[in-house]
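Asker: sequence unknown, structure follows:
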């Protein structure tokens, strides 16, 4: 019995802990010599990770089965039947019973089989106990791997790495790259992956570690930090371990990514250029350099890199799209269109092709052609971008009704996205998405009203209510906000907006207070809601009662409007220095806030506002 490999496990519904199984399969691939053929066996060859991981020294010698009492032999046969039928829990329980009966006489093959089955279960403590027993019985390669896996499942990643160290010393430092491959391919949570990276870093500086082993662990830890976007940690580990990260194109790119991720764009570019001097044929480094050149607005240099890659690789969708975008950014419309045509000929990226063709036509002054291209853009990332550009171009045209007709067409085209489409177009018209005022509140209100004619939703009413309030149409604003609450009584933003709206006008202040208090019950500690509560008290003349919520709101966020309200409350209480300190603090964070600027001018005058701004320019801030 001991010579036969474990049978193939049939598929079962129990989810498997994928990470450590994959990890050690990857860990072993390429690290050892090909195994010798296994002795003939009546059962199929094993497919489980640990069975595959056995090296040549692990094959049990061919020989007669060890003598076993008849009752245990029957129990073993029953366990085999349960295993073949897919009853893993039953098989594991039966095998454990045999192990308990056999005691120290159990051979390593039986213990290994039970240990492998335990790896499919949900009891890491049992697996760890079995792994320790397996290694104590036979301190071989499989035993160390089994212990490392069990330690990993139990969350003891540092000890797992310690168990791997002897194997790494024999197999070479590249095994830690395979370790990271396994981590990134697994299903561990980001917090667990971060702990693994920290464990690698600690092991690298463990007393007694050899220099090659320490550097291999540090390199793997740095790579994992980069993959987790913990760029500062990666750079610190590279520096502490004295790693140049110039030993391979992949290592060059890891350090360049960490530098870029910390905002050191020119240092990242220098890293990539140094890497390309060593590895001139590394396409990944050239692509990374081209992408970084785009970020640095070195468009000619980026274009040259992308062209070199395209000449080497042939027609490639990523490269063609990148070249089209560079030429579009340089307003070289014919060249951009030519690359989009080549991309279209590949049959790839239809959404970006249609979107950018529309942009080219719009720049050339042909909005009809632009709209025809944009009609081919499906829902998705490009669709949102298309809406913003269509709003820009149509809003800038002489036809003031063009955008409303476009919105109506989009609502009919994608009724399921009507609300998102209306909100995106309204934001774009107001310049909130593109940063340019291209239409105005009237057009945005028209877009939202069109959508509301089809179906009323809280978001559309809320957005239109805020726009109406900004336009000074207070009756329409109140009606929309109350419509929101009729559809969604626990809409905290609408409760607060209506309460603040009433407080600003000095109307129905008791209702305003109830509305804001309800909003705070739904979202405690929200700075805007605290500001509203304080402002309601201010409007009631309860200035002392207004201070606590206004102070808390300022401490939590401290924007210009909150500073204006806090300062004016201090002013009404005669605490003029505190008022100035609050206004200075607000101006320091938001020097152009219209509510704050109006408040300071009204109470102190223009000259005082100028003095306060000069004070800030000399580094003398407020609260």
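Answerer: Right, received. Where do you want to start? On a predicted model such as this, the values are computed, not experimentally measured, just so you know. Numbering: from 1, shown residues only.

Asker: Could you use CA atoms for every contact and neighbour count after this?
Answerer: Fine.

Asker: how's this structure carved up into domains?
Answerer: Annotated domains of the chain cover 18-239, 379-489, 558-623 [automatic domain parsing].

Asker: And the ones you listed, which one averages the lowest pLDDT?
Answerer: Lowest mean pLDDT of the domains of the chain: domain 18-239, a mean of 64.

Asker: My read is that residue 460 contacts residue 423, right?
Answerer: Yes. Assessed by Cα atoms under 8 Å, residue 460 is found in contact with residue 423 at 7.2 Å.

Asker: More neighbours: the two, which one.
Answerer: Per other Cα atoms under 10 Å, whichever of residue 460 and residue 423 has more neighbours is residue 460, with 22 against 19.

Asker: How much space separates the more buried one from residue 422?
Answerer: From residue 460 across to residue 422, the span is 8 Å (Cα to Cα, to the nearest Å).

Asker: joint contacts of these two?
Answerer: 448, 451 (Cα atoms under 8 Å, 6 or more residues apart in numbering).

Asker: How far does stretch 359-366 sit from its chain's centre?
Answerer: Distance, stretch centre to chain centre, for stretch 359-366: 35 Å (Cα atoms, centre = their mean, to the nearest Å).

Asker: Buried ones in it, by neighbour count?
Answerer: Buried residues in stretch 359-366, counted by 16 or more other Cα atoms under 10 Å: 359-362.

Asker: that older thread, any residues in contact with both of residue 460 and residue 423?
Answerer: With Cα under 8 Å, 6+ apart as the test, residue 460 and residue 423 both reach residue 448.

Asker: And stretch 364-378, end to end?
Answerer: First residue to last in stretch 364-378 (Cα to Cα) measures 23 Å.

Asker: same question, stretch 482-495
Answerer: So stretch 482-495: terminal residues 9 Å apart, Cα to Cα.

Asker: Residues touching that stretch, excluding its own?
Answerer: By Cα under 8 Å, 6+ apart, stretch 482-495 touches 457-459, 461-462, 481, 498, 515-516, 518-520, 522-523.

Asker: How about stretch 362-375?
Answerer: 354-355, 357-361, 386, 390, 393.

Asker: Just give the closest residue to residue 316, not the sequence neighbours.
Answerer: Counting by Cα to Cα, 6 or more residues apart in numbering, residue 316 lies nearest to residue 310, which is 6.8 Å off, once chain neighbours are set aside.

Asker: got the contact list for the host helix or strand of the one you found?
Answerer: Using DSSP states H and E, residue 310 maps to helix 299-313. Outside helix 299-313, the residues within contact range by Cα under 8 Å, 6+ apart are 283, 286-287, 289-294, 316, 319-320, 322-323, 326, 330.

Asker: Please repeat the previous calculation with a cut-off of 6 Å.
Answerer: 290, 293-294 (Cα atoms under 6 Å, 6 or more residues apart in numbering).

Asker: Over to stretch 442-454?
Answerer: Looking at what lies outside stretch 442-454 - Cα under 6 Å, 6+ apart - the contacts are 422, 426.

Asker: centre of the chain versus it, how much separation?
Answerer: 34 Å.

Asker: Buried residues of that stretch, list them for me.
Answerer: 443-452.

Asker: Taking those residues, tell me the two that lie furthest apart.
Answerer: 443 and 452 (14.3 Å; Cα to Cα).

Asker: all helices of the stretch 451-600 of the chain, in order?
Answerer: Under the criterion DSSP state H, counting those that start in this stretch, the stretch 451-600 of the chain contains helices at 458-470, 474-487, 492-505, 509-522, 527-539, 543-556, 560-572, 576-589, 594-603.
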